[in-house]
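In: Show me the folded form of this:
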Amino acid sequence: MDTALLIKAFGALFAIMNPFAHLPLFLSLTTGRSVASQRRTALRIAGYSAVICAVFLATGTSVLRFFGVSVDHFRVAGGLVLLTIGLSMLSGAGFAAHEGSRRERSEQEEHAHDPASDVSFFPMAFPVVVGPGTITTIIVMDAQAQGLGGHVAVVAAIALVLVVLAVVLFFAAQIGQHLSLSLRMVMTRLMGMILLSIAVAMMTSGLTVLFPGIA
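Out: I've put the predicted structure just below:
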């Protein structure tokens, strides 16, 4: 297994999927429900997220080839997406592509109050957990993988992040009591810095191939 790629992919995916940052939204959408119901929803979110990740992991590169887009073009575009998300995290502003607009979030919360509603797939798994940034990271990291060991490393990184996500959301009620607003803000901004660094690395890697003269 490619340990270096495993660490890099895990860091990138954890920063963008950040289970602790999604905790307040999860608690908001499941408010009024029993702990058992919240835990079932948490496991469904992790399961749906795993399926979505697997789909893009299996088809992402093929889709790029179908549209005539090289991995290096996608690195630059994906880097810009991650750059935008990272800057939003640093400023404390939400990223609409992942969290939805203010109106969409309001409608989601109203829908969540319906006891028969299920928020595990939409909006939690998609697009909150697995949104544009996550999809971009998966495709780019998998494209960087060399041989079986590299691909196994990317799959392992995704699995590890999803396990952390499942555990955090499963114990959301308990964790939420001890996770202060200040701590969430610090974690979000730290993840934003990591994401910015990864975005710059992606864009630099893509641009030096597309424009060899700037290397």
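In: Neighbours of L179, how many?
Out: Using other C-beta atoms under 10 Å, L179 is surrounded by 16 other residues. Glycine gets a C-beta too; all of them are placed from N, C-alpha and C.
In: Roughly how far does it sit from H151?
Out: The span separating L179 from H151 equals 34 Å under the rule C-beta to C-beta, to the nearest Å.
In: Then A58?
Out: Between A58 and H151 the computed distance is 11 Å (C-beta to C-beta).
In: So for those two, which sits in the more crowded spot?
Out: Residue environment comparison for A58 versus H151 gives the larger neighbour count to H151, 17 against 10, counting by other C-beta under 10 Å.
In: That one reaches A143, doesn't it?
Out: No. Proximity of H151 to A143 does not meet the contact threshold set by C-beta atoms under 8 Å, at 10.4 Å.
In: Mean pLDDT per helix and strand in this structure: which one sits at the bottom?
Out: One helix or strand of the chain scores below all others by mean pLDDT, DSSP states H and E: helix 96-99, with a mean of 55.
In: And the helices in this protein?
Out: 3-17, 19-29, 35-66, 71-91, 96-99, 102-112, 132-144, 147-170, 172-178, 181-210 (DSSP state H).
In: show me the contacts for the residue nearest to I194 when sequence neighbours are not counted.
Out: If the residues on either side of it in the chain are set aside, I194 comes closest to A15, at 4.4 Å by C-beta to C-beta, 6 or more residues apart in numbering. Listed by C-beta atoms under 8 Å, 6 or more residues apart in numbering, the contact set of A15 reads M191, G192, I194, L195, I198.
In: Next one, pLDDT for A15 please.
Out: Per-residue pLDDT puts A15 at 90.
In: for T204, same thing?
Out: In this model, T204 carries a pLDDT of 91.
In: Number of residues surrounding it?
Out: Counted by other C-beta under 10 Å, the residues lying close to T204 total 15.
In: Quick one: residues contacting A36.
Out: With contact set as C-beta under 8 Å, 6+ apart, A36 has no partners.
In: do you know how far it is from F170?
Out: Distance of A36 to F170, computed by C-beta to C-beta: 11 Å.
In: what's the answer for P127, then?
Out: Look at P127 and F170: by C-beta to C-beta, they are 21 Å apart.
In: my guess is G150 contacts T3, does it?
Out: No. Look at G150 against T3 with C-beta under 8 Å: they stay out of range, at 10.5 Å.
In: more crowded one of the two?
Out: The residue with the greater number of neighbours, taking G150 and T3 and applying other C-beta under 10 Å, is G150; the counts read 20 against 10.
In: Now that one. Nearest residue, chain neighbours left out?
Out: Residue nearest to G150 in three dimensions, not counting chain neighbours: D2, with 4.5 Å by C-beta to C-beta, 6+ apart.
In: Pretty sure Y48 sits against D118.
Out: No. With contacts defined as C-beta under 8 Å, Y48 does not count as touching D118, sitting 10.0 Å away.
In: what about these two, which has more around it?
Out: Comparing Y48 with D118 by neighbour count (other C-beta under 10 Å), the higher total belongs to Y48, at 18 against 13.
In: show me the contacts for the more buried one.
Out: By C-beta under 8 Å, 6+ apart, the contact list for Y48 reads S120, F121, M124, A125, F126.
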